[in-house]
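In: Model the structure of this input:
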Amino acid sequence: MKKCRDLDACISLLGEVHAGGDVNPERKQAVERAISEIKRIRRKPNPKKHEVYNSMRIITEALIRAFFDRD
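Out: Model prediction:
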């Protein structure tokens, strides 16, 4: 995938959340997973639509599970 400022901005923002002292270990792990998934998809030269959609699903699920209490 070509260099994308939006992906870099996402990584930067998630990095700030990760570096925050008030984030519990479970949330930090979810943020790490989201960052690594963004970096993985960014490294692909020409990702297919389904690869991008799958990555978005992984990122979203990780963050939703970590930051929202689900009963």
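In: Please count neighbours and contacts with C-alpha atoms only from this point.
Out: Will do.
In: center of this protein - which residue?
Out: Residue closest to the average C-alpha location in the chain (C-alpha atoms, centre = their mean): residue 34, at 2.3 Å.
In: How much space separates the closest residue in space to that residue that isn't next to it in sequence from residue 66?
Out: Counting by C-alpha to C-alpha, 6 or more residues apart in numbering, residue 59 is the residue found nearest to residue 34 once chain neighbours are left out, at 4.7 Å. Relative to residue 66, residue 59 is positioned 11 Å away (C-alpha to C-alpha, to the nearest Å).
In: Quick one: mean pLDDT over the host helix or strand of residue 57.
Out: According to DSSP states H and E, residue 57 maps onto helix 49-67. For helix 49-67, mean pLDDT rounds to 91.
In: swap in stretch 16-30?
Out: Stretch 16-30 comes out at a mean pLDDT of 83.
In: what helix or strand does residue 17 sit in?
Out: Short version, using DSSP H and E: residue 17 is in helix 5-19.
In: buried residues in that helix?
Out: Neighbour-count burial for helix 5-19, counted by 16 or more other C-alpha atoms under 10 Å, picks out 11, 14, 17-18.
In: again with stretch 37-57
Out: For stretch 37-57, using 16+ other C-alpha under 10 Å, the buried residues are 37-38, 41-42, 55-56.
In: returning to that earlier point: past the helix holding residue 17, which element shows up next along the chain?
Out: helix 25-43.
In: relative to helix 5-19, how tilted is that next one?
Out: 160 degrees (axes from the mean of the first three to the mean of the last three C-alpha atoms, to 10 degrees).
In: sorry, back to before: by contact count, what packs against the helix holding residue 57?
Out: helix 25-43 (3 or more C-alpha pairs under 8 Å, 6 or more residues apart in numbering; DSSP states H and E).
In: what's the spacing between residue 19 and residue 68?
Out: For residue 19 relative to residue 68 (C-alpha to C-alpha), the value is 19 Å.
In: Kindly report the same for residue 47.
Out: 30 Å.
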